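> Build me a model:
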Amino acid sequence: MQPLTIALIVVGVLFLALIGLYNGLVRARVRVKEAWSDIEVQLKRRYNLIPNLIESRSREKCPC
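Numbers count the residues shown, from 1 in each chain. Here you go, the predicted model:
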């Protein structure tokens, strides 16, 4: 093989490796954003349940 052909193959393989690395990083970033979004949803659900919990506890204390 000629040196130019070998150099082009090496450059091509490096280019494909960089594309794969970039896609992996983007995929990881999206997964992290989705995970934080799920956590925020759960926290909002808990926050919205606090008044119901307080009301039910106050009913148990005072059977008026």
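> which residues touch residue 25?
By Cβ atoms under 8 Å, 6 or more residues apart in numbering, the contact list for residue 25 is empty. The C-beta positions use only the backbone N, C-alpha and C, and glycine is treated the same way.
> which secondary structure element contains it?
Taking DSSP states H and E as the definition, one finds residue 25 inside helix 3-61.
> Relative to the whole chain's centre, how far out is that helix?
1 Å (Cα atoms, centre = their mean, to the nearest Å).
> what pLDDT, on average, does that helix get?
In this model, helix 3-61 has an average pLDDT of 94.
> And residue 2, its phi and psi?
Backbone torsions of residue 2, given as degrees, to the nearest 10, read phi -80, psi 150.
> how many other residues sit next to residue 59?
Close neighbours of residue 59, defined as other Cβ atoms under 10 Å, add up to 10.
> Check residue 52 too.
By other Cβ under 10 Å, 9 other residues sit near residue 52.
> check contacts around it.
Counted by Cβ under 8 Å, 6+ apart, residue 52 has zero contacts.
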